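> Quick check, what structure comes out for this input:
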Amino acid sequence: MKNFHYLLILTIAVLSVFLFASFAEENISVNPIVKVWTLQSKTVAGVTVATTCDPNSKWDFKADGTYVITDNCDSIESGAWKLSDDAKTITLDGVTAYNVVESSVGSLVIETKVAEIGLIRWSFN
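The predicted structure is shown next:
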């Protein structure tokens with residue numbers, strides 16, 4: 001009976017070690033980009049611009065790597081997004097790259113350079 005108790009305790013201890021080791025290996029990180037962002041401003045070459053469709057448009061970056069952009073004109077754009085390993089670039093649909101200027105819980109600022117237009121910057125909260 002003593003041997004059975006020792007064996008039971010040893011089995012529980014070994015299983016506990018494996019259980020805690022698996023939790024320690026799990027990469028639990030919170031991506032601050034994953035959120036529904038509301039457009040606050042859009043600037044082109046430093047000048048604030050906005051079409052009638054831009055104010056309060058929503059950019060929804062989802063945890064599954066998809067996004068949906070909706071504006072006030074009921075236009076919807078969707079696709080796949082990816083954040084670079086250094087968290088400095090967001091790429092939409094593997095083509096359009098945005099530099100991440102600021103990323104926090106309550107603020108996102110991204111920008112991209114378009115040859116004919118200049119630097120375009122979007123600010124969200």
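> Only C-alpha atoms from now on, for both contacts and neighbour counts.
Fine.
> Residue ranges in the protein under the pLDDT threshold?
Low-confidence segments of the chain (pLDDT under 70): 1-2, 4-8, 10-11, 13-29.
> Quick one: list the elements packing against the longest strand along it.
When the chain is parsed with DSSP state E, its longest strand is strand 35-44. When contacts are defined as 3 or more CA pairs under 8 Å, 6 or more residues apart in numbering; DSSP states H and E, strand 35-44 sits against strand 58-61, strand 118-124.
> For the spatially closest residue to residue 55 that is not a sequence neighbour, give me its contacts.
Counting by CA to CA, 6 or more residues apart in numbering, the nearest residue to residue 55 once its immediate chain neighbours are dropped is residue 39, at 6.5 Å. Residue 39 makes contacts with 54, 55, 56, 57, 58, 59, 122, 123, 124, 125, as judged by CA atoms under 8 Å, 6 or more residues apart in numbering.
> need the strands for this protein, in chain order.
35-44, 47-48, 58-61, 66-70, 76-83, 89-92, 96-103, 108-114, 118-124.
> Just give me the neighbour total for the nearest residue to residue 122 once chain neighbours are set aside.
Leaving out its chain neighbours, the residue that sits closest to residue 122 by CA to CA, 6+ apart is residue 42, at 4.6 Å. Counted with other CA atoms under 10 Å, the neighbours of residue 42 add up to 21.
> do the same with residue 125
If you count neighbours by other CA under 10 Å, residue 125 ends up with 18.
> For the residue lying closest to it once chain neighbours are set aside, which residues are in contact?
Leaving aside its chain neighbours, residue 125 sits nearest to residue 107 (4.6 Å; criterion: CA to CA, 6+ apart). For residue 107, the contacting residues are 123, 124, 125, by CA under 8 Å, 6+ apart.
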